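[1] predicted model follows, preceded by the sequence.
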Amino acid sequence: MTDNNKFLTYISHFIVIIVILILCGLGTWQVARYNDKQVRIAQIETRAEQGVLDHSRLPSLPLDDVRDVQVQVQPLQVSEQVMWLDNRQRNGRVGYELIVPVQTESGWLLANMGWRQGRKDRLSLPAVPLLTELNDELIGAVSVPGLNRFVQETAVNDGQFPKVIQQIEFNGISALLGQPLLPYMLTVTQTHPDFERQWQPVVMAPQKHLGYALQWFGLAIAAGVIYWIARRRKSTREHLPNP
């Protein structure tokens, strides 16, 4: 085998190894996601067994311990600085979720009042319904929305409301409102004729992640086997006597 052929062989080995490692890494990541979802579901079930807690108990707990807890909140004051959370879809329909800041004994809290359908041409926002339930007790689940680093916020602090926001980013929204906020959001679960409310803390079932993991590991095995067969055939051809 010439030096040039040896070099190409080493390069092909290296490329295949990298591909297999990437595929195995993706499979391992999906297994980790599966395990995380299993833990999350068990946590949700445990906290559901606690029943509905009074919101005043939450600020004394670590942030990880308040996630998914069912609470009741008595608003002391409701802000008129409401916001529409953009790009919320339900069954292929374009819409928004209404975010309302409410003052509680523990501080200002963002309340997700639910989903309303928007216009496909996005030329206008939905009308803000009468929120008479804010005068009474709110019941919902505590959520800690994650941030998408690929989403760019477009709302500016110009004092105009309702305002369209791209994601729940507490520091940014606090700057828009001019008020400090509690580091979690209340997702209201009570039924309401003007909103669709669907609290779904786990969107994808854990079993799907396990299925994806098996696919990635299967591709890694297939890549290794195909490369091994190709190398064997090439080696056999090289050792055949010349006619």
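    Received it, and whenever you're ready, just let me know what you need.
[2] let me know the secondary structure of the most centrally placed residue in the chain.
    Geometric centre of the chain, nearest residue: Gly146, 5.9 Å, by CA atoms, centre = their mean. Look at Gly146: counting by DSSP: H, G, I helix; E, B strand; the rest coil, its state is coil.
[3] what's the longest helix in the chain?
    Criterion DSSP state H: the longest helix present in the chain is helix 3-48.
[4] show me what that helix is packed against.
    Other helices and strands packing on helix 3-48, by 3 or more CB pairs under 8 Å, 6 or more residues apart in numbering; DSSP states H and E, are helix 206-239. Every residue, glycine included, has its C-beta placed from N, CA and C.
[5] ok, and for the helix it packs on, which residues are buried?
    Within helix 206-239, the residues that qualify as buried are 206, 209-210, 212-213, 216-217, 219-220, 223, 227, counting by 16 or more other CB atoms under 10 Å.
[6] where in the chain is pLDDT low?
    Scanning the chain for pLDDT under 70 picks out the ranges 1-4, 202-203, 238-243.
[7] got the domain boundaries for it?
    3-37+206-239, 69-188 (automatic domain parsing).
[8] most packed of those?
    domain 69-188 (a mean of 16; mean count of other CB atoms under 10 Å).
[9] tell me the angle of the host helix or strand of Val142 relative to helix 3-48?
    Using DSSP states H and E, Val142 sits within strand 138-143. Angle, strand 138-143 to helix 3-48, by axes from the mean of the first three to the mean of the last three CA atoms, to 10 degrees: 150 degrees.
[10] quick one, which of the domains of the chain is nearest to Arg197?
    The minimum distance between Arg197 and the domains of the chain falls on domain 69-188, with 4.3 Å, by CB to CB.
[11] ok so, going back, nearest to Gln198, out of the buried residues of helix 206-239: which one, please.
    Pro206 (19.6 Å).
[12] does the closest one really touch Ala32, like I thought?
    No - using CB atoms under 8 Å, Pro206 is not in contact with Ala32; the gap is 11.2 Å.
[13] could you export stretch 217-230 as CSV, CA atoms only?
    The C-alpha trace of stretch 217-230 is given here as CSV (Å, rounded to 0.1, in the frame of the first residue of the first chain):
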residue,chain,number,x,y,z
PHE,A,217,-27.6,4.1,18.1
GLY,A,218,-28.9,2.1,15.1
LEU,A,219,-27.5,4.6,12.7
ALA,A,220,-24.1,4.4,14.5
ILE,A,221,-24.1,0.6,14.2
ALA,A,222,-25.1,0.7,10.6
ALA,A,223,-22.4,3.2,9.8
GLY,A,224,-19.8,1.0,11.4
VAL,A,225,-21.0,-2.2,9.7
ILE,A,226,-21.2,-0.6,6.3
TYR,A,227,-17.7,0.9,6.6
TRP,A,228,-16.3,-2.5,7.8
ILE,A,229,-17.9,-4.3,4.8
ALA,A,230,-16.6,-1.7,2.4
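[14] give me the contact list for it.
    For stretch 217-230, contacts defined as CB atoms under 8 Å, 6 or more residues apart in numbering pick out 12, 16, 19-20, 23-24, 27.
[15] in TSV: these, plus distance to Asn87.
    Output for those, formatted as TSV (distance: CB to CB, whole Å):
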residue	distance to Asn87
Ser12	44
Val16	40
Val19	35
Ile20	37
Leu23	32
Cys24	34
Gly27	30
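[16] now do the contacts for Ala141.
    Taking CB under 8 Å, 6+ apart as the test, what Ala141 contacts is 68-71, 186-187, 189, 199, 201.
[17] so which of those are in strands?
    Counting by DSSP state E, the part of the contacts of Ala141 found in strands is 70-71, 186-187.
[18] rewinding a little: give me the angle between the longest helix of the chain and helix 206-239.
    Per the same axes, to 10 degrees, the angle that helix 3-48 makes with helix 206-239 is 170 degrees.
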